[in-house]
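J.: sharing a model prediction with you, sequence too.
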Amino acid sequence: MGFIKKYKNVLAGLLINTVEHHSTVLYGYYASLMAPIFFPADDPKLNEMRALGVFALTFVMQPVAGFILGRIGDLYGRKLSMIVGVLSIAIPTLLIGILPGYETLGIIAPILLIFALMIQSAGGAAAYSGTAVFLNEFGSSKVQSLLSALLSASGFIGAIIASFCGALYDSNSEWRLSFIGGGILGLLLMRLRSQLEETPVFKKSLREKGLHPSKSFLEVIKSRKRNFICAIGIAGGCNLPFYLICIYFNSLLVVDLGVPHPSMLKYNMGLLAFWGLFLPLVGHISDKVGIKRLMMVSALGLVFLSIPFFAWTLEDLTLTKIHLLRGLLSIFAMGILAPGTAYIMPLFEVQERQTGSSVAYAVGAVLFGGTAPFICRLLVDQTGHPIAPAYYLAFCGLMTAASIWYAKPVEEEE
């Protein structure tokens with residue numbers, strides 16, 4: 001009980017992040033079941049709308065939500081931004097679960113679905129960064145990387161729970177139960193979030209400087225231009241390897257090796273479990289050897305080893321080799337992701353931290369994360385060389401290493 005009381009805010013933040021990730025990945029598991037209900041196959045205009053909606057969902061709303069919640073967190077406190085974040089996920093999730101289909105509402109149904117998905121995904125991305133700031137400011141300096149790793153690991157746990165829901169409720173009507181349950185659970189967590197304490201770092205800043213000034217986003221960029229750009233690069237390094245390893249490789253499994261779709265999902269669940277279990281260990285190691293040192297070694301590992309690893313795998317493509325390649329690349333990827341947010345937070349002052357870090361992380365995730373599978377496939381199609389994604393991954397490692405090297409914490413600038 002003493003441990004729970006001492007770390008109640010940290011544990012609450014991790015639990016909330018687990019539930020939020022569970023809700024935000026549900027659509028990925030149920031898209032095939034939901035498409036005929038909201039986007040009739042014989043209506044090409046609605047199919048186009050779906051594509052545009054997903055585009056907007058991925059590329060537009062996340063940085064905007066990061067700015068909005070970041071501004072709330074910097075002006076009025078991390079606690080309030082977390083409450084707004086959970087509402088922006090729970091309400092759309094519940095709405096999706098009870099939303100009638102195209103046969104009932106006509107074109108209004110897909111419009112409402114796309115809108116709900118945009119708000120849900122944007123809220124999830126912004127809430128992740130907000131929780132990262134919350135944990136960073138609550139945690140001891142000796143465990144910053146561990147807390148960053150636990151945050152990422154809790155997200156993987158949420159994704160695994162969602163995959164179990166996808167397997168359990170897999171009929172044309174049962175999928176709604178997962179969304180309704182996720183929405184209700186999110187709303188129930190409002191009570192938990194309302195009991196959270198404000199971070200001591202924010203309270204200290206509030207006492208010393210009063211209500212934080214309304215610092216515009218352009219002013220944040222101007223005053224922290226180098227760190228903002230470096231934070232985008234580091235966020236790209238946290239996201240691109242994961243999307244390549246966990247998403248792009250699915251096409252190799254299914255298309256090149258003929259692995260059945262259910263088996264591919266099982267392999268992915270195993271990979272998510274591997275990341276979820278080992279990320280905290282990598283975070284602990286990072287706190288011991290130094291965050292910057294571990295991240296640099298991991299990034300340079302991607303630079304120099306991605307191409308030879310790929311070449312060895314593609315010589316004689318087998319299921320065993322793909323599993324080994326994913327495992328080897330995951331080690332370097334986790335070395336960047338585990339301490340990633342812990343390295344980004346000190347790049348901004350307290351009164352601009354959530355706005356700067358949230359927007360930068362969202363931009364990096366958008367540019368280099370969600371687009372990674374598409375770009376990798378495009379590189380292969382355009383060049384005709386299956387090894388092309390290895391060069392993209394090596395470029396990611398170089399970008400990340402440069403960003404780590406040139407980023408300068410605020411305390412060092414002063």
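T.: Received it, and whenever you're ready, just let me know what you need.

J.: quick one: contacts for Ile344?
T.: Ile344 sits next to 132, 231, 234-235, 357, 360-361 when contact means Cβ atoms under 8 Å, 6 or more residues apart in numbering. C-beta: built from backbone N, CA, C; applies to glycine.

J.: show the buried residues in these.
T.: 132, 231, 234-235, 357, 360-361 (16 or more other Cβ atoms under 10 Å).

J.: hmm, Phe249 is touching Leu324, no?
T.: No: the pair Phe249 / Leu324 is not scored as a contact, 11.7 Å apart, by Cβ atoms under 8 Å.

J.: who has more neighbours, those two?
T.: Neighbour comparison, Phe249 and Leu324: the larger count goes to Phe249, with 24 against 14 (by other Cβ atoms under 10 Å).

J.: which residues touch the more buried one?
T.: 322, 325-326.

J.: tell me the centre residue of the chain?
T.: Ala125 (6.1 Å; Cα atoms, centre = their mean).

J.: host element of that residue?
T.: helix 108-138 (DSSP states H and E).

J.: in that helix, what counts as buried?
T.: Those buried within helix 108-138 under the rule 16+ other Cβ under 10 Å are 109-110, 112-138.

J.: of the contacts of Phe249, the lowest pLDDT goes to which?
T.: The member of those with the lowest pLDDT is Ile322, at 91.

J.: go through the host helix or strand of that one and flag the buried ones.
T.: With elements taken from DSSP H and E, the one containing Ile322 is helix 319-337. Buried positions in helix 319-337, judged by neighbour count with 16+ other Cβ under 10 Å: 322-323, 325-326, 328-330, 332-337.

J.: what's the answer for stretch 279-299, then?
T.: For stretch 279-299, by 16+ other Cβ under 10 Å, it's 279-280, 282-287, 291, 294-296, 298-299.

J.: how about stretch 138-153?
T.: Buried, per 16+ other Cβ under 10 Å, within stretch 138-153: 138-139, 143-153.

J.: quick one: which of these is nearest Gly384?
T.: Ser152 (35.5 Å; Cβ to Cβ).

J.: picking that back up, restricted to helices, list the buried residues of stretch 279-299.
T.: 279-280, 282-287, 291, 294-296, 298-299 (DSSP state H).

J.: what is the nearest of those residues to Asn268?
T.: Nearest member of these to Asn268, counting by Cβ to Cβ, is Leu279, at 16.2 Å.

J.: next one: the closest one from Leu147, what distance?
T.: 11 Å (Cβ to Cβ, to the nearest Å).

J.: what does stretch 221-240 rub up against?
T.: 220, 295, 299, 336-337, 340-341, 343-344, 347-348, 352, 356-357, 360-365, 367-370, 372, 392-393, 396-397, 399-400, 402-404, 406-408, 410.

J.: contacts only, for the residue nearest to Asn136 when sequence neighbours are not counted.
T.: Among residues not flanking Asn136 along the chain, Met345 sits closest, at 4.4 Å (Cβ to Cβ, 6 or more residues apart in numbering). Contacts for Met345 (Cβ under 8 Å, 6+ apart) come out as 132-133, 136-137, 144, 353, 357.

J.: measure Met345 to Ser216 for me?
T.: Met345 is 21 Å from Ser216, by Cβ to Cβ.

J.: with Ala132 instead?
T.: Distance, Ala132 to Ser216, using Cβ to Cβ: 22 Å.

J.: got it, and Phe374?
T.: Applying Cβ to Cβ to Phe374 and Ser216 gives a distance of 33 Å.

J.: what is the neighbour count of Tyr243?
T.: Count around Tyr243 with other Cβ under 10 Å applied: 21.

J.: I'd like the average pLDDT over the strand or helix carrying it.
T.: Assigning secondary structure by DSSP H and E places Tyr243 in helix 225-243. Mean per-residue pLDDT for helix 225-243: 94.

J.: picking that back up, now, the contacts of stretch 221-240 that are in helices?
T.: Filtering those for helices - DSSP H - leaves 220, 295, 299, 336-337, 340-341, 343-344, 352, 356-357, 360-365, 372, 392-393, 396-397, 399-400, 402-404, 406, 410.

J.: restricted to buried residues, select these in ChimeraX.
T.: Burial among these is assessed by 16+ other Cβ under 10 Å; the matching ChimeraX selection reads:
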select :220,295,299,336,337,340,341,343,344,352,356,357,360,361,362,363,364,365,372,392,393,396,397,399,400,403,404,410
